[in-house]
Structures are given as C-alpha cells and as structure tokens.
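Q: Predicted model, plus sequence, below.
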Amino acid sequence: MTLPVAVLVSGRGSNLQAILDACASGVLDARVAIVVSNHAGVPALQRAALAGVPSAVFTLRTYADRAAAHSAMAVAIAGLGAELVVLAGFDHILAPIFFVRLAGVPVINLHPALLPLFGGRGMHGDKVHEAVLASGATESGCTVHRVHPETVDLGEVVVQRRVPIEPGDTAATLAARVLEQEHGAIVDAIRRFVPAEVSRYS
Ligand code: GRF
C-alpha cells in the first residue's frame, strides 16, 4: 500500500528531494501528500511545486503562538490522511498539541550525527559537525529517529548511517559527507513504515 507522507521542511530541502525522487522512481512505495514549511519562500517549497506536490506555510507570525501554528499544521496534515510525518530539516520543536491532533501518526526526524551523541537543544547545522570534530571522534553519520512530545533527539532510532572523519575535515566537508548518507537514510527509514503488502494468494 502506498504510504501517504507529510514532509516538514524549513530551508534547502535536499532530503525532501531525495524523498520525492524515491517516490517518483518507485524505489519507495510512498507519496508526499503535503510539504509543510514554517518559513515562506524557502527552496524546499519550490521543490514541492516542481514535483506537483501541495504545500502549505505556517509561520509563527500568522498565529497567536507556536501551539496555535503547530495545531493548524497538524489539522492540515491529518485532513490529507498522512500516515507518517517526516521532519526533514525542520527547525522548530513541535508543540505537544501537534502530537495530540495527529494521535497515532508516527513522527520521525533526521539528525546529522550518530545519536545519542551530539544531539539535543542547540545541536543543529554546523554546530553539530563542529562538536563532532572537536571531540576527536573518528566517525560520524546521521540518525533517523522517532519524535515524541517535549523531547529533542531522544526517540527510538529507526536508521543510522556512518561516515569516516577524514584528516583535514572542516564542518563543511563533514556536513557534505553526512548529507550524502542522509539522502539514503531518510528513504530507508520511510520504507520501514510502509505496510507489508498482503499477498493476493494467501
Ligand atoms: C540536514 O542536515 C538534516 O540532518 C538537518 O537539517 C538538514 C536539512 O537539509 N536536520 P535539507 O534541507 O534536507 O537539504
């Protein structure tokens, strides 16, 4: 059964693109039912438009507070029947009401490090890769994990991919190596939520 997915984004959207491409080529039995952004005019929204996928923007400015914005977001997602929510470069912590409105719909997030290391509030973008390099670690990677209310980067791991740290790495070179793995990891992770097809002959 083709899994209807909502993808939440805030910027570039290269992971969204990997998901759209995997759906289009058939390597992933899913379809992006909606792309939701918390910022207007970001490249990820253009990617959605080019793929012919509906999108919606919920900026904090338009709502009384974060809870109201995230509640409206969840209502839109539920209305389209999404059965999985994917945070692919989404830069806000979801308000608890989001999970209430989408009761029973799993939420996953992509993080550019090997959780439980280098996660938590404030650990995003280059800060993650700088912390990894400063620690003297010999490898890094990415993690797709479940998201639960009021926690940051703590949910069960769905998929992890590892990369080596090379001599002379900077946050930028490490980020690029990790990003390459993210594009496969997020597709693998979504695949885990596609219900197994029941054989016609069983
Ligand atoms: C990725 O590095 C992801 O791990 C992090 O935000 C970045 C999003 O990149 N959460 P993109 O917008 O998918 O290109």
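A: Cool, the structure landed. Numbering: from 1, shown residues only.

Q: Next, the contact list for the residue nearest to E182 when sequence neighbours are not counted, please.
A: Closest residue to E182 apart from its sequence neighbours, by CB to CB, 6 or more residues apart in numbering: C142 at 4.6 Å. (Glycine included, C-beta is placed from N, CA and C.) Residues counted as contacts of C142 (CB atoms under 8 Å, 6 or more residues apart in numbering) are 110-114, 160-161, 178, 181-182, 185.

Q: For stretch 128-140, buried residues please.
A: Neighbour-count burial for stretch 128-140 flags 128-129, 131-133, 140 (criterion: 16 or more other CB atoms under 10 Å).

Q: host element of the residue in the chain that the ligand sits nearest to?
A: The ligand sits closest to G89 of the chain, with a gap of 2.7 Å, by CB to the nearest ligand atom. If you go by DSSP states H and E, G89 is not part of any helix or strand.

Q: Now do the strands in the chain.
A: Ranges of strands in the chain, per DSSP state E, are 3-9, 30-37, 55-57, 84-87, 107-111, 139-146, 157-164.

Q: Paired strands for the second one, with orientation please.
A: The reference is to strand 30-37. Under the criterion DSSP bridges, strand 30-37 sits next to strand 3-9 (parallel), strand 55-57 (parallel) in its sheet.

Q: need the residues of the protein near the ligand, please.
A: Residues of the chain lying near the ligand by CB under 6 Å from any ligand atom: 11-15, 88-89, 110-112, 142, 179, 182.

Q: name the helices or strands packed onto whichever helix in the chain runs longest?
A: Across the chain, the longest stretch assigned as helix under DSSP state H is helix 171-191. Applying 3 or more CB pairs under 8 Å, 6 or more residues apart in numbering; DSSP states H and E, one finds that helix 171-191 contacts helix 14-25, strand 84-87, strand 107-111, helix 126-135, strand 139-146, strand 157-164.

Q: quick one: which of the buried residues of stretch 128-140 is nearest to V32?
A: Nearest to V32 out of the buried residues of stretch 128-140 is V128 (CB to CB; 25.8 Å).

Q: list the contacts for the nearest residue to A72 once chain neighbours are set aside?
A: Closest residue to A72 apart from its sequence neighbours, by CB to CB, 6+ apart: F58 at 5.8 Å. By CB under 8 Å, 6+ apart, F58 lies in contact with 36-38, 69-70, 72-73, 76.

Q: In the residues you listed, which residue is surrounded by the most others?
A: M73 (28 neighbours; other CB atoms under 10 Å).

Q: Neighbours of the closest residue to L102 other than its chain neighbours, how many?
A: With CB to CB, 6+ apart as the criterion, L102 has its nearest non-adjacent residue at 4.8 Å, and that residue is A74. When neighbours are defined as other CB under 10 Å, A74 has 26 of them.

Q: thought A74 was touching A103?
A: No: under the criterion of CB atoms under 8 Å, A74 is not in contact with A103, lying 9.6 Å apart.

Q: TSV please, covering the strands paired with strand 30-37 and showing distance to A44, mean neighbour count and mean pLDDT.
A: Converted to TSV, these look like this (distance: least, CB to CB, whole Å; neighbours: other CB atoms under 10 Å; pLDDT from 0 to 100):
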stretch	distance to A44	mean neighbour count	mean pLDDT
strand 3-9	4	24	98
strand 55-57	8	17	97
